[in-house]
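Engineer: pasting the sequence and the predicted coordinates here, then a few questions.
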Amino acid sequence: SSPPSSSAAADFSVRFGHTLPSLSRPANSTQIFYGIMFDAGSTGTRIHVYTFIQREPDGLPVLDNEMFHSMKPGLSAYADMPEIAGHTVRQLLRVAKKTVPPLEWKRTPLVFRATAGLRLLPAAKAHALLEEVQDVFDESPFYVPPDSVRIMNGTSEGILAWVTVNFLTGRLERNTEKTVGILDLGGGSTQITFLPKSKKTIEAAPPDYISRFQMFNCSYQLYTHSYLGNGIKAARLSALGALNADGLEKKLFRSSCLSRSHTAEFSFGGVSYHVSGDISGVRGYKACYQELVKVVKGIIKQPLELRDSSSFYAFSYYYDHAVEAGLIDEQRGGAVKVRDFRKTARQVCNRPARHTQLNQFLCMDLTYITCLLKDGFGFKESTVLQLTKKVRNVETSWALGAAIDHFQKSRIH
Ligand SMILES: O=c1ccn([C@@H]2O[C@H](COP(=O)(O)OP(=O)(O)O)[C@@H](O)[C@H]2O)c(=O)[nH]1
């Protein structure tokens, strides 16, 4: 049964395992406990401090609230200066110290997971960054569990984001309810995760794209994959031929997604890239599409059942670029069809002057999103995506799923 609650928090109530931090106060007094999750992404480092409420010692904890803070750039920009990575983490820890009462520090777990940025680094450099973070954690007053600091694999990243969204929308608890799929687009990698309705989808998928796991006494078999190198920043580099090129900082890359007279710049992984329009003056949506479709064709696999009506939540850069394109309101998000991304990409690419662009790569980014959704995953133009940054004031990211997973001690196989 659910715990009594008069607030919206009741919607978050959920059954945890038997491995919660032990609670020593009387059964009738409300207990609060906390979890701290660091997300070291390719474009930024974030801290999430979750507050859970436990009303009865053996009852169901409820997610009460999240404190969130982020810093740019991602830690891979400090691959040659690990002490700056340590400094970033130390600064973010201040948020945790302000949010969690000092008496609770010793039993509040501190967990750090890195994604595409560190996966893309040479192992020795990634290791040096992780060691620095481990040192900062060890000095901190919080509880540092074994295996607290590491790179997370892409499968867990996809599954845990799916857990977050389905948990926040109340779909994991009532297991009769249909779950929704997730689309996550980071700087370095992109994830797709959903619960297949048909056996055929599972049979047709590569075996390592299917993952079983257990949560809240339910067993799920998910289609999930993380494509490393297909995040939106990494895709820009692939399209420009800038991946593994020499003399990157001085080189001027060319793309028909920009106008010829225009030079733009962006940084990724601590390297700055300069890009200008195509030298022969070719530009516009069609030419840009040809450049970007190469990044997905033959790489992104098409699961069988996406062409039927499917229900997906999309966030991260799908959300940010939809805001920049004027497709959704920055605060509220909303429903967008795949076709809307395609139409807006065409408008922005073919009539750049009409669009006051904060993002000089908007034509390229919207075109990439269109390629990824249509030519990559094989979504129909009429598919509706639910663009969501927060659900009930909590970030849609794998981080909450990872915190719940930590408390539940459920293992992902
Ligand atoms: O709690 C979070 C974590 C990430 N993001 C968004 O996720 C994208 C970046 O992903 P990331 O740097 O983690 O890339 P990855 O390392 O996964 O490729 C950006 O749009 C961020 O604004 C977010 O909105 N909330």
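Structural biologist: Looks like it came in fine.
Engineer: tell me the residues on this structure that lie near the ligand, please.
Structural biologist: Counting by C-beta under 6 Å from any ligand atom, the chain comes close to the ligand at 39, 41-44, 46, 74, 115-117, 186-189, 231, 316-317, 320, 389, 395, 397, 399. Any C-beta I mention is one placed from the backbone N, CA and C, and that applies to glycine too.
Engineer: for the residue of the stretch 1-150 of the chain found nearest the ligand, give me its contacts.
Structural biologist: Among the residues of the stretch 1-150 of the chain, residue 41 lies closest to the ligand, at 2.1 Å counting by C-beta to the nearest ligand atom. Neighbour list for residue 41: 74, 114-117, 186-188 [criterion: C-beta atoms under 8 Å, 6 or more residues apart in numbering].
Engineer: likewise residue 88?
Structural biologist: 45, 71, 75, 78.
Engineer: thinking again about what came up before, tell me the phi and psi of the residue of the stretch 1-150 of the chain closest to the ligand?
Structural biologist: Here is the backbone geometry of residue 41 (degrees, to the nearest 10): phi -90, psi 170.
Engineer: if we can go back for a sec, can I get the buried part of the contacts of residue 88 as one ChimeraX selection?
Structural biologist: Entered in ChimeraX, the line below selects the buried ones among these, by 16 or more other C-beta atoms under 10 Å:
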select :45,75,78
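Engineer: and the furthest pair within the contacts of residue 41?
Structural biologist: 114 and 187 (12.7 Å; C-beta to C-beta).
Engineer: distance check, the residue of the stretch 101-250 of the chain found nearest the ligand against residue 49.
Structural biologist: The nearest approach of the stretch 101-250 of the chain to the ligand comes at residue 186, 2.4 Å away (C-beta to the nearest ligand atom). Separation of residue 186 from residue 49 (C-beta to C-beta, to the nearest Å): 21 Å.
Engineer: returning to what we had before: in strands only, show me the contacts of residue 88.
Structural biologist: 45, 71 (DSSP state E).
Engineer: if we only consider the contacts of residue 88, which is nearest to residue 127?
Structural biologist: For those, the nearest to residue 127 is residue 75 (12.3 Å; C-beta to C-beta).
Engineer: how about the closest residue to the closest one other than its chain neighbours, what does it touch?
Structural biologist: Residue nearest to residue 75 in three dimensions, not counting chain neighbours: residue 85, with 4.5 Å by C-beta to C-beta, 6 or more residues apart in numbering. For residue 85, the contact set (C-beta under 8 Å, 6+ apart) comprises 75, 78, 129, 132-133.
Engineer: which ones among these are found in helices?
Structural biologist: Here DSSP state H is the test, and those give 129, 132-133 as lying in helices.
Engineer: which among these count as buried?
Structural biologist: For the ones in helices among the contacts of residue 85, buried by 16+ other C-beta under 10 Å: 129, 132-133.
Engineer: let's have the residues you listed in a markdown table, adding pLDDT.
Structural biologist: Formatted as a markdown table, those follow (pLDDT from 0 to 100):
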| residue | pLDDT |
| --- | --- |
| 129 | 98 |
| 132 | 98 |
| 133 | 98 |
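Engineer: would you mind giving those residues as CSV with distance to residue 141 added?
Structural biologist: Below are those laid out as CSV (distance: C-beta to C-beta, whole Å):
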residue, distance to residue 141
129, 22
132, 18
133, 16
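Engineer: which element is encountered next along the chain beyond the helix or strand hosting the residue nearest to residue 75?
Structural biologist: Applying DSSP states H and E as the criterion places residue 85 in helix 82-99. As assigned by DSSP H and E, the chain's next helix or strand after helix 82-99 is strand 110-114.
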